[in-house]
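S.K.: pasting a predicted model and its sequence here:
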2 protein chains.
Amino acid sequence: MKISLLLTGSELMSGDTVDSNSAYIAQSLKDINLVPYVKKVVGDDLTLLVDSIQELSKVSDVLVVNGGLGPTVDDLTSLALSKAVESPLVRNADAYAKLAEWADRRGFVITESNLKQVNLPKVCEIIDNPRGSAVGFRCIFNECLILCTPGVPSEFKPMVENHLLPLICEHGAIEAKSHITRLRVFGITESGLQDTVNEVFPNWPANVELGFRVQMPVIEVKFTTIGDELVELNQLWANKFRTHFSDYVIGVDGIRLTQALNQALHEKGLVITTAESCTGGLIASGITSEAGSSKVFEAGYVVYSNKIKESMLGVSKQTLIDHGAVSEEVVRELVIGAIEKSGADIGLAISGIAGPDGGTAEKPVGTVWMAWGRAGAIKARRFFFPVARLAFQKTASAIAMDLVRREVLGLSTEVDYFSELKKKRSRA
Amino acid sequence: MKISLLLTGSELMSGDTVDSNSAYIAQSLKDINLVPYVKKVVGDDLTLLVDSIQELSKVSDVLVVNGGLGPTVDDLTSLALSKAVESPLVRNADAYAKLAEWADRRGFVITESNLKQVNLPKVCEIIDNPRGSAVGFRCIFNECLILCTPGVPSEFKPMVENHLLPLICEHGAIEAKSHITRLRVFGITESGLQDTVNEVFPNWPANVELGFRVQMPVIEVKFTTIGDELVELNQLWANKFRTHFSDYVIGVDGIRLTQALNQALHEKGLVITTAESCTGGLIASGITSEAGSSKVFEAGYVVYSNKIKESMLGVSKQTLIDHGAVSEEVVRELVIGAIEKSGADIGLAISGIAGPDGGTAEKPVGTVWMAWGRAGAIKARRFFFPVARLAFQKTASAIAMDLVRREVLGLSTEVDYFSELKKKRSRA
């Protein structure tokens, strides 16, 4: 079966936007053992769009058109499809109903621009889009299934799994025969994983395809086999992998690091508190981004200045003078202060130099101290992430959350994040 | 002049690699006022490559082929070009000399695989590649300049500036200059902007191209004109736009909302504090994501539970009982408590129901109260964002930050976010 992609949008041609949708759908198509045949990208040019739809529909069994569904004049997909398949634009009742419902839920009045989004080629049926005002739509032309989809990634991606794959399978009479196990790993790089697998499992079977996909800050590891007879082999090798990488595996399927931390705390019946300097609330907002976080989180302190470290959490002036804000002593006092003030079971404190300014020879930009644990059993570690400010904040937050996840689950917190292989080799 | 791109490589089709080369060359082409016309991506498939080269060379003045120059069997570009332009593969003397020099400098022996890289269509001349073993090559076919280039970004990118742009300019005898003005807007949707422009500026000149690009949570508005003689017209219409949308414009070029807020606070010499319930630290982390934020931010409070709202910021138990945590009374007490405790000049408090649970008939999921201002001059507003948890947190945070930006700059905070048109129409 040949599946082609037609992406439209002047922002893709001008280089202002890097297309991630086509990589996303390509990864998803692997689940039904398909690789896209041709991908074509064109600007908001009606003639080109019409010609491209006609041309690609002739050489493909499925054509996914992505983008150009919006309300503005440069959104041309429905018009182009109408011309390409010679079916007039009419107000689609289902699309209108969805739009009305969408507007109603938000208290919006439907505008002229919105109405444009429900004028579809008569021959089309809609594809539901729970995330936005523009539905997708589809028709068959030249025996090719044409699927028109929104360009906004947050709307496109859920549509792939929920609607596009089933429609493609139905059209091609494909039964998805591949079996996939998904694990998520934190704390090792992609090449670290690959090198270790090569070293530890030299006889990894060719029929258990191993794939890695970076989903910052975690890596998704995918084990794919084709055919029911290989399901057990899939499980066997996924388990071998999981056993070897043990503590680095935070869970299965689409689990997030914040979710893994919430789950660990919830499982052990613990409430956490945070005292953040350099991450400025990023850890607290990560924990509370998860539904149900009120069971494990009540209070967070953003203590950005020294004055506030003293007044809010009782860090002593002398400690600040003697050791500086980025020090083991200060993060220990911060975490103890936060636990005392909030009454939480466990605390996490972080203080570092996010940059671009504020570094010294002894404590350069990228230096960070973390302290965590229960009152009376606080641990602390120093790290160094000499990267740009945002990357520093994200990396430090993620590692801090993983340390607490490990602490709560009784796993080692001595882990050498992102460089365990290098160390192993230099010891060898 | 029409310039098209043909990218080849199975890794691009499988989604394992996200193509960044085409965005790079598109950005560079802006300097000579060109936007790519068509981009096509195909796997390592000889027939498809031959057909695509022939097809695209017919409709384009320049065709950049990217990828497939490597030494392995799946690198097919020279073979495909040879078939497409019907010119036999021969050992190219210049290519061989470059290869010999490259191998010599590295102490490498030239292999069979390397030799494959110097067999080029007879009609071709080489394009120098100082970064790798595979030179680029070019020819003219169907009056189209065909440029074959390496897929490795570190080899491709220097080739663009050093060789491709000069060759393209020479072929098209071009010199031309586009002028671009960029503004960033917050608080109106893309369709709201488009509808308003249609209504307010019915005579918008066709030679001042207006473009919108969503860069959550803001929208970038781009005004493009071609040629030095239109620079003033560009400025004139950009200014008309800016005057009409006034307070919604947060700044120029790539300004972020968090940056606009930091700048406004810094300009007025104010320090802000935050008291966050439903956003769990997202606002504090937004402010502190900007370099230099320590000048405008010292303390943030994440008050997730009622107990903590009382103990940390002194909200009265009675207020919580009488009005509930999501109420004007509670956010007012929160912001006053935060200003008092921290000694900040201005405060921002937020309390809402992010969901998925916790809603009631009176206060459904999506309800949120915000309070902001200086002690003695606190304002409060209620909003309703009935969207998924993460979208709720992001939207509420962005609007809260914009309200403070407006307050600090002395602009109206009565703005009807994302729906001012609806209201105007329903009043009309």
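M.R.: Arrived safely, thanks for sending. Residues are numbered from 1 along each chain as shown, chains lettered A, B, ... in the order given.
S.K.: show me what stretch A:50-66 is in contact with.
M.R.: With contact meaning Cβ atoms under 8 Å, 6 or more residues apart in numbering or on different chains, stretch A:50-66 is reached by A:1-8, A:21-22, A:25, A:37-38, A:40, A:42, A:77, A:80-81, A:83-85, A:141-151, A:156, A:164, A:168, A:171-172, B:38. C-beta coordinates here come from the backbone N, C-alpha and C atoms, glycine included.
S.K.: now that stretch, how far from the centre of its chain.
M.R.: In terms of Cα atoms, centre = their mean, to the nearest Å, the centre of stretch A:50-66 is set 30 Å apart from its chain centre.
S.K.: for residue B:138, see how far away residue A:212 is.
M.R.: Distance from residue A:212 to residue B:138, counting by Cβ to Cβ, to the nearest Å: 37 Å.
S.K.: follow-up on the earlier one: in helices, which of the contacts of stretch A:50-66 appear?
M.R.: Among the contacts of stretch A:50-66, the ones falling in helices (DSSP state H) are A:21, A:22, A:25, A:77, A:80, A:81, A:83, A:84, A:156, A:168, A:171, A:172.
S.K.: got those as a markdown table, with pLDDT, neighbour count and distance to residue B:241 columns?
M.R.: Formatted as a markdown table, the ones in helices among the contacts of stretch A:50-66 follow (pLDDT from 0 to 100; neighbours: other Cβ atoms under 10 Å in any protein chain shown; distance: Cβ to Cβ, whole Å):
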| residue | pLDDT | neighbour count | distance to residue B:241 |
| --- | --- | --- | --- |
| A:21 | 92 | 23 | 30 |
| A:22 | 91 | 24 | 33 |
| A:25 | 93 | 26 | 36 |
| A:77 | 96 | 27 | 27 |
| A:80 | 97 | 27 | 29 |
| A:81 | 97 | 26 | 32 |
| A:83 | 97 | 20 | 32 |
| A:84 | 97 | 23 | 35 |
| A:156 | 93 | 25 | 30 |
| A:168 | 92 | 24 | 43 |
| A:171 | 89 | 18 | 45 |
| A:172 | 83 | 16 | 48 |
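S.K.: what's the most distant pair in these?
M.R.: A:83 and A:172 (26.6 Å; Cβ to Cβ).
S.K.: using PDB, write out every CA atom in stretch A:335-343.
M.R.: The C-alpha trace of stretch A:335-343 is given here as PDB (Å, rounded to 0.1, in the frame of the first residue of the first chain):
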ATOM      1  CA  VAL A 335      14.800  21.600  52.200                       C
ATOM      2  CA  ILE A 336      14.500  21.400  56.000                       C
ATOM      3  CA  GLY A 337      12.800  24.800  56.200                       C
ATOM      4  CA  ALA A 338      10.300  23.800  53.500                       C
ATOM      5  CA  ILE A 339       9.500  20.500  55.300                       C
ATOM      6  CA  GLU A 340       9.000  22.300  58.600                       C
ATOM      7  CA  LYS A 341       6.900  25.100  57.200                       C
ATOM      8  CA  SER A 342       4.600  23.000  55.000                       C
ATOM      9  CA  GLY A 343       4.400  19.800  57.200                       C
END
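S.K.: coming back round to it: the more surrounded of residue A:212 and residue B:138?
M.R.: Between residue A:212 and residue B:138, counted using other Cβ atoms under 10 Å in any protein chain shown, residue B:138 has the larger neighbour count: 24 against 17.
S.K.: double-check that the more buried one belongs to a helix.
M.R.: No: under DSSP: H, G, I helix; E, B strand; the rest coil, residue B:138 falls outside any helix and is assigned strand.
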